[in-house]
Each structure stands twice: as C-alpha cells, then as structure tokens.
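Chemist: Quick one, what's the 3D model for this:
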Amino acid sequence: MSASAEALARLGPQWGLPFAGLLLSIALLPLLRPHLWHRHFGKIALAWAAAFVVPHAFQQGAAASAGLLLHTLLEEFLPFIILVTALFTTAGGIYLRGNLHGSPGTNVALLAIGALLASVMGTTGASMLMIRPLIRANDNRRHQAHVLVFFIFIVSNAGGALTPLGDPPLFLGFLQGVDFFWTLRHLWPHTLFLVGSLLALFWLIDSYWYRREGVLPQDPTPDDHGFGIEGGLNVALLAVVMVLVLISGLWKTDAGLHLGGQWLAAPALLRDLGLLAVIVCSVQLTPLTLRSQNQFSWAPMQEVAKLFAAIFVTMLPVLAMLKAGPAGAFHAVAAAVSGEQGQALPWAYFWLSGLLSSFLDNAPTYLVFFNLAGGDAASLMGPLASTLAAISAGSVFMGANSYIGNAPNFMVKAIAEERGVRMPSFFGYMAWSSAVLIPLFLLMTLFFFV
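Modeler: Model (predicted):
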C-alpha cells in the first residue's frame with residue numbers, strides 16, 4: 001500500500017460523509033427537486049467531491065491531495081470512462097432496423113440475447129446495443145418501466161458474469177492472474193439460475209400487464225423498412241474494443257512511462273489510446289443519419305461521466321479503510337468474512353462484496369475482497385475457489401441492486417428517460433431490486449455458498 005493510501009486508511013469513518021452525501025443527492029434530489037437536479041447535477045457532484053478534497057488538502061497537504069487525484073484520474077477514472085465511452089459510441093452507431101412487437105415472448109427473447117452478448121461484449125456494450133431496439137419494440141405499450149428494470153437486472157449485470165470481458169470486476173481479477181475461462185467454468189450454474197429465474201419472473205409480470213392493458217392504438221415507430229443491421233463499421237470497431245481489452249490483460253511487460261509521478265504501464269496505455277482511436281473513428285465515420293435513426297445523444301454519457309468522477313473521488317477514503325482490513329475504520333467487515341478459526345466464509349464474501357458493490361463501484365470493491373481473501377490468484381482458483389466464486393458473483397450480480405451499482409444501470413435509465421419512459425426513482429428502483437433480486441440471492445446463498 002502506498003504512503004497516500006496508508007494515510008487514507010488511517011482516516012476515521014467521518015471521511016466517508018461526502019460519499020454518503022453524494023449517494024443521498026443522487027437518490028433524493030431527482031425526486032424532491034427534479035428541476036434543480038437536472039440543471040445542476042454536475043455542480044452538486046463537484047461540491048461533494050470538493051467536500052472531501054479540500055479538507056484532505058488542509059490535513060495532508062496540497063501536494064498529497066493532488067497526487068491522489070492524479071492517481072485516481074490516470075489509473076482508475078480515465079481507463080473506466082474511456083472504455084465505457086468506446087462501448088457507448090460504437091454500440092450507438094449500430095442501428096438494428098425494424099420494429100419488433102413487444103409481446104412477452106419477444107421481450108424474453110431480446111433479454112436472453114442481451115444476456116448472452118453481455119459476457120462477450122461487456123454489460124455496457126450489450127446494454128447500449130440492445131436498449132434502443134427494446135424501447136422501440138415496447139414504445140406502444142402503456143407500461144414499459146418494468147421491461148427496462150429487468151433489462152438492467154439481466155443484461156446490464158447478471159449476463160456479464162461468464163468472462164473477464166463481461167464486467168469490470170472480473171477483468172480486474174483477470175489482471176490479477178485469474179484464468180480467462182475460470183469464471184465460465186465456476187459461475188455458469190449461478191448465472192444460469194439467476195438469469196433463468198429472472199426471465200421466468202419477467203415473463204409472468206409482462207404477461208400480466210400485456211393481458212390487462214394491451215397496446216396503444218398507434219405505434220410511434222412503425223416498421224417501414226424490414227429487419228436488418230446498419231452501421232457494420234461499428235460492429236468491427238466493437239470487435240476492436242474487445243481485442244484491445246483482452247490484449248491489455250494478456251500482454252506482460254515492464255515497459256511504460258512516468259506521468260506526473262504516476263506509472264502508466266504500456267499495455268494499459270496502448271489499450272486506452274487504441275480505445276480513443278476507436279471513439280474518433282466511430283464519431284467521424286458513422287453517418288449522422290444513422291445516429292439520428294438511433295436517437296443517439298451524448299447526454300447519458302455526460303451524466304455518467306460527471307457523476308462517476310465524483311463517485312471515484314469521494315469513495316477513495318471508504319475503499320482505503322476497507323482495504324486496511326482489521327487495521328481500518330471498517331475492521332468489522334474484515335471480521336465478518338472469517339469464521340472462528342479464521343477460515344473464509346463464502347456466504348459472507350458473497351453478501352458483503354455484493355452489498356458494497358450495490359453502492360460503491362463494483363470493480364475496486366472486488367479488489368478489496370480479493371485481497372481480503374489473500375490476494376493470491378492460484379490459491380483462490382484452487383482451495384479457495386468457492387470464496388472467489390462468491391466474490392465474483394456478489395460483485396457482478398449485486399451491482400443491479402441500485403442505479404449506481406454498475407455504470408450501464410445509470411446509462412440505461414438516462415437513455416430510457418430521454419426516450420420518454422418514466423423510470424422508477426432511485427428508491428423506487430431499489431424497491432424492485434429488493435422484491436425481485438434479494439429473494440433470489442438468498443436462494444443462491446443456500447444453493448451455492450453454504
């Protein structure tokens with residue numbers, strides 16, 4: 001642990017208040033003061049980030065705070081936002097022509113396809129590719145919000161559990177030495193159970209609303225040109241994104257460069273530069289008419305970038321105190337995942353990594369519990385395989401518990417609202433996740449982690 005990280009780990013729990021304030025702002029202000037939030041959410045997020053940075057600079061010195069922010073920017077936030085932007089841009093340049101009829105059977109098929117794609121192109125890529133056809137298929141339905149909620153559950157989260165390309169936590173595990181196909185071999189029963197259960201529940205709920213309300217008399221987006229795919233260039237660019245991410249994990253080298261006192265490894269640096277090139281190519285070469293047909297807008301990406309920049313900054317002391325384990329302010333978390341003899345408790349790792357991933361970024365949360373379990377990939381893939389499976393499942397699956405648990409959740413919400421779908425509030429969404437997901441997670445605990 002670096003000196004700055006050690007200093008953060010020694011802070012008291014009160015330093016987590018800016019993070020808590022930011023979460024409450026995201027949860028309450030769109031409900032209580034929607035006009036204020038939609039006009040000034042970037043400034044509000046910045047204010048909460050400053051509520052951590054300014055006192056930290058007074059206590060630790062401006063140089064220490066600047067170094068901490070630069071480290072977060074270069075090694076955590078920028079790689080995250082560049083990857084998400086590349087997936088958002090390329091997927092937004094692929095137009096699935098035609099308008100399916102949003103019946104329960106069709107919706108289940110679209111959700112299942114999205115779940116399969118999520119482990120191949122990532123939850124963000126699959127979400128951005130499938131969300132617009134799904135909205136278009138259901139835009140003549142009177143009740144649409146439940147379709148988008150289950151889309152977040154299945155495509156934006158659960159479907160990404162089978163490969164390191166699927167979700168950022170698993171990619172970090174891959175970088176730590178976890179075999180590329182380990183998650184496929186060990187998490188397929190968990191994923192099959194969760195996705196299968198969610199699809200069955202969705203079919204029941206969607207069938208009820210479909211029978212009760214039917215459809216509007218006129219479809220806002222009639223099918224005039226038949227089915228097909230436009231934007232083939234972006235399909236190829238999406239494949240380039242996946243290759244760049246995979247190579248950055250497989251390429252082992254000591255090469256790199258120093259920037260502002262931070263070490264940038266060559267594989268990560270070339271990956272991010274390649275992803276920026278992909279973004280530029282997609283923007284420059286995709287016809288504007290195609291993006292217009294897709295009703296593409298940068299607003300969802302801007303919202304994610306502003307809010308997650310503040311989240312990354314304000315969660316710094318929280319994650320550092322968690323990483324400190326028994327020596328940190330949250331020592332109770334380290335104690336809760338171990339039995340009386342010091343043995344790892346998979347069910348505790350599943351729930352604690354999952355509950356924290358519901359509100360913290362699930363990628364660094366995965367690393368916290370990966371390190372709490374010993375941090376040795378060979379041991380975690382072997383004798384402690386059930387513990388690693390619990391950490392992986394908790395971090396990926398429970399990212400669906402709130403809008404901020406995983407970046408695609410917020411992006412789907414923003415795109416849906418921009419298209420006129422009235423999505424549940426922060427707590428309204430959590431009412432859905434509590435009613436649907438928590439019982440399934442309890443069953444998973446009994447089946448897989450006890």
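Chemist: ok, now which ones touch residue 194?
Modeler: By C-beta atoms under 8 Å, 6 or more residues apart in numbering, residue 194 lies in contact with 158, 397, 440, 444. In short, each C-beta sits where N, CA and C put it, glycine included.
Chemist: Residue 153 too?
Modeler: Counted by C-beta under 8 Å, 6+ apart, residue 153 has contacts 198, 400, 433, 436-437.
Chemist: now, which of the contacts of residue 194 sits nearest residue 290?
Modeler: When the contacts of residue 194 are ranked by distance to residue 290 (C-beta to C-beta), residue 158 comes first, at 30.1 Å.
Chemist: got any ranges where this protein has weak pLDDT?
Modeler: Counting by pLDDT under 70, the chain contains low-confidence residues at 1-5, 9, 98-99, 214-227, 325, 361.
Chemist: report the longest helix in it, please.
Modeler: Ranked by residue count, the top helix of the chain under DSSP state H comes out as helix 104-137.
Chemist: Buried ones among the contacts of residue 153?
Modeler: Among those, those classed as buried by 16 or more other C-beta atoms under 10 Å are 198, 400, 433, 436-437.
Chemist: Export those residues to CSV and append columns for distance to residue 364 and secondary structure.
Modeler: Formatted as CSV, the buried ones among the contacts of residue 153 follow (distance: C-beta to C-beta, whole Å; DSSP: H, G, I helix; E, B strand; the rest coil):
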residue, distance to residue 364, secondary structure
198, 26, helix
400, 18, helix
433, 21, helix
436, 26, helix
437, 22, helix
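Chemist: Check the residues you listed and tell me the two furthest apart.
Modeler: So, the buried ones among the contacts of residue 153 by C-beta to C-beta: farthest apart are 198 and 433, at 11.1 Å.
Chemist: for the stretch 101-250 of the chain, what spans make up the helices?
Modeler: For the stretch 101-250 of the chain, applying DSSP state H, counting those that start in this stretch gives helices covering 104-137, 145-154, 168-175, 182-213, 232-250.
Chemist: where along the stretch 351-450 of the chain do the strands fall?
Modeler: All residues of the stretch 351-450 of the chain lie outside strands when identified by DSSP state E, counting those that start in this stretch.
Chemist: if we look at stretch 291-308, which residues are touching it?
Modeler: Outside stretch 291-308, the residues that reach it (C-beta under 8 Å, 6+ apart) are 26, 41-42, 45-46, 77, 80-81, 84-85, 88, 92-95, 97, 132, 230, 361, 404, 407, 410-411, 414-415, 418-419.
Chemist: mind redoing it with 6 Å?
Modeler: Stretch 291-308 is contacted from outside by 42, 45, 81, 88, 92, 95, 132, 407, 410-411, 414-415, using C-beta atoms under 6 Å, 6 or more residues apart in numbering.
Chemist: just curious, which of those residues is nearest to residue 318?
Modeler: For the contacts of stretch 291-308, the nearest to residue 318 is residue 45 (16.1 Å; C-beta to C-beta).
Chemist: which residues touch that closest one?
Modeler: Counting by C-beta under 6 Å, 6+ apart, residue 45 touches 306-307, 310.
Chemist: looking at it, residue 334 is touching residue 328, isn't it?
Modeler: No - in this structure, residue 334 is not within contact of residue 328 by C-beta atoms under 6 Å, at 7.7 Å.
Chemist: who touches both of these two?
Modeler: By C-beta under 6 Å, 6+ apart, no residue touches both residue 334 and residue 328.
Chemist: if we can go back for a sec, from the contact counts, what lies against the longest helix of the chain?
Modeler: Packed against helix 104-137 by the contact rule (3 or more C-beta pairs under 6 Å, 6 or more residues apart in numbering; DSSP states H and E) you find helix 78-91, helix 145-154, helix 182-213, helix 407-418.
Chemist: and those helices as TSV, adding distance to residue 15?
Modeler: What follows is those, written out as TSV (distance: least, C-beta to C-beta, whole Å):
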stretch	distance to residue 15
helix 78-91	22
helix 145-154	31
helix 182-213	34
helix 407-418	24
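Chemist: Any idea which of the ones you listed gets closest to residue 58?
Modeler: Of all the helices and strands packed on helix 104-137, helix 78-91 sits nearest to residue 58, with 26.5 Å by C-beta to C-beta.
Chemist: Figure out how far the closest one is from the centre of its chain.
Modeler: The chain centre lies 12 Å from the centre of helix 78-91; the measure is C-alpha atoms, centre = their mean, to the nearest Å.
Chemist: Stretch 25-40 too?
Modeler: Relative to its chain's centre, stretch 25-40 lies at 22 Å (C-alpha atoms, centre = their mean).
Chemist: Other residues contacting it?
Modeler: 44, 425-426.
Chemist: Go again with 7 Å.
Modeler: With C-beta atoms under 7 Å, 6 or more residues apart in numbering as the contact definition, stretch 25-40 has outside contacts at 44, 48, 307, 404, 425-427.
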